[in-house]
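Asks: Got a sequence here, can you model it:
(one chain, ligands or ions: 1)
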Amino acid sequence: MTSNSAQAEWWNAAGQGWANAQDIVGLMLRPFQDVLVDAAARRPRTSVLDVGCGTGAVTRAIAEATGAACVGVDIAESMLEAARAHGKAEYVRADAQVHTFDRSFDLVVSRFGVMFFDDPTAAFANLRRAATGELCFITWRGRDENPFMTTASEVAATLAPDAPAPDPNGPGPHAFADPGHTRSVLADAGWTGIDVQPVDRTCTIPENLLAMYLSNLGPISRALAAVPEEDRPGMLAGVRSAFDGFVHGDEVRVPAACWQVTASAPL
Ligand SMILES: C[S@@+](CC[C@H](N)C(=O)[O-])C[C@H]1O[C@@H](n2cnc3c(N)ncnc32)[C@H](O)[C@@H]1O
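Replies: Predicted coordinates:
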């Protein structure tokens, strides 16, 4: 088995839903795109790498804001097909943990794309070898601080009670919830000047997009994918009320508790 093969398989399957719902993802996660664009635009950049770029919203926003040559790397071709359709950047299908990049980057960024490595220290050491400047990524804090994700996981468990529970210490959205662990991984990987700051935002989408969000993204979409297509609308309608607390009039508001992690590659 090669590195991250399970994640590659998982994300290639999930990528179709992300591509279908890329506009909704763009809206929902826009506040964190803005954080990374601001960080990128703080000084002149010539080359930027976006790790786990998905459908490329952050990659192209940074390309537009900075004029730098931007490269998005992702392990899932289904994500990159959607990214390439927008142009504005170059996209590479590769496992960022082991890929030998053909150039160096003065900024390496990621929005929620670096938590899925099976060997995080090796992955961040590989990214450091590709970097001549800074690292800046956004990652989730714990489940207890992110109630929308927790609700989605709990609902999915009722829809697919036999599905194996995810390993809380393995690759996954909360892999860097503990800043002490993050600092130690980055230091072992050779990064310096490591800083971990909380960043809290309210993410919003129109209420009429909630069903599409849930059926294309995250654990509920996985649970639905395992049942016959004709059963899915009824199952989704049956769990919709679990999200009532996030609906305010015609808007869904998701409080998102994250870390902004920055570091430097030593010269
Ligand atoms: C939560 S999505 C985030 C996508 C995108 N950054 C965004 O914010 O819309 C995580 C992404 O990381 C990618 N990914 C996971 N493991 C990877 C690896 N080892 N190398 C490169 N990309 C990876 C997945 O394919 C997926 O596109």
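Asks: Touching stretch 139-148 from outside, list them.
Replies: Surrounding stretch 139-148, the residues in contact under the criterion Cβ atoms under 8 Å, 6 or more residues apart in numbering are 112, 114-115, 149-150, 153, 173-177, 182, 198, 243, 246, 254-259, 261. C-betas here are computed from N, CA, C, even on glycine.
Asks: typo on my end, it should be stretch 244-253
Replies: Among residues not part of stretch 244-253, those counted as contacts by Cβ under 8 Å, 6+ apart are 148, 151, 202-210, 213, 243, 254.
Asks: residue boundaries of the strands in this structure?
Replies: 47-51, 69-74, 90-93, 105-111, 131-140, 192-206, 247-248, 251-264 (DSSP state E).
Asks: Just want the angle from the last one to strand 192-206.
Replies: So that's strand 251-264. Calculated by axes from the mean of the first three to the mean of the last three Cα atoms, to 10 degrees, strand 251-264 forms an angle of 170 degrees with strand 192-206.
Asks: Around Ala256, how many other residues sit close by?
Replies: Other residues near Ala256 come to 22 when the count uses other Cβ atoms under 10 Å.
Asks: do Leu224 as well
Replies: As a burial measure, the neighbour count of Leu224 was computed by other Cβ under 10 Å and equals 22.
Asks: hang on, the earlier thing: now, of the contacts of stretch 139-148, which are buried?
Replies: 112, 114-115, 149, 153, 173-177, 182, 243, 246, 254, 256-259, 261 (16 or more other Cβ atoms under 10 Å).
Asks: and those near the ligand, which?
Replies: Contacts with the ligand within the buried ones among the contacts of stretch 139-148, counted by Cβ under 6 Å from any ligand atom: Phe112.
Asks: and this protein, which of its residues are near the ligand?
Replies: Listed as neighbours of the ligand in the chain under the rule Cβ under 6 Å from any ligand atom: 4, 7, 11, 25, 29, 52-54, 57-58, 73-76, 79, 95-97, 111-113, 116-117.
Asks: quick one: the residue nearest to the spatial centre of the chain from Ser78, how far?
Replies: Nearest residue to the geometric centre of the chain (Cα atoms, centre = their mean): Phe112, 2.6 Å. In this structure, Phe112 and Ser78 are separated by 17 Å, where distance is defined by Cβ to Cβ, to the nearest Å.
Asks: Export stretch 187-195 to PDB, keeping only CA atoms.
Replies: This file holds the C-alpha atoms of stretch 187-195, laid out as PDB (Å, rounded to 0.1, in the frame of the first residue of the first chain):
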ATOM      1  CA  ALA A 187       9.100  21.500  14.500                       C
ATOM      2  CA  ASP A 188      10.100  17.900  13.800                       C
ATOM      3  CA  ALA A 189       9.500  18.600  10.100                       C
ATOM      4  CA  GLY A 190      12.000  21.400  10.200                       C
ATOM      5  CA  TRP A 191       9.700  24.500  10.300                       C
ATOM      6  CA  THR A 192      10.600  27.400  12.500                       C
ATOM      7  CA  GLY A 193       8.700  30.400  14.000                       C
ATOM      8  CA  ILE A 194       5.600  28.300  14.500                       C
ATOM      9  CA  ASP A 195       2.500  30.200  15.600                       C
END
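Asks: The residue nearest to the centre of the chain against Ile138, yeah?
Replies: Yes - using Cβ atoms under 8 Å as the test, Phe112 is close enough to Ile138 to be in contact (6.2 Å).
Asks: which neighbours do the two share?
Replies: Common neighbours of Phe112 and Ile138, using Cβ under 8 Å, 6+ apart, are Phe32.
Asks: How about Gly87, nearest residue that isn't a chain neighbour?
Replies: Arg60 (7.7 Å; Cβ to Cβ, 6 or more residues apart in numbering).
Asks: isn't that neighbour right next to Cys70, touching?
Replies: Yes - counting by Cβ under 8 Å, Arg60 touches Cys70, with 7.2 Å between them.
Asks: These two: who's more crowded?
Replies: The residue with the greater number of neighbours, taking Arg60 and Cys70 and applying other Cβ under 10 Å, is Cys70; the counts read 29 against 20.
Asks: residue boundaries of the helices in the stretch 1-150 of the chain?
Replies: 5-20, 22-28, 30-41, 57-66, 77-84, 120-129, 147-159 (DSSP state H, counting those that start in this stretch).
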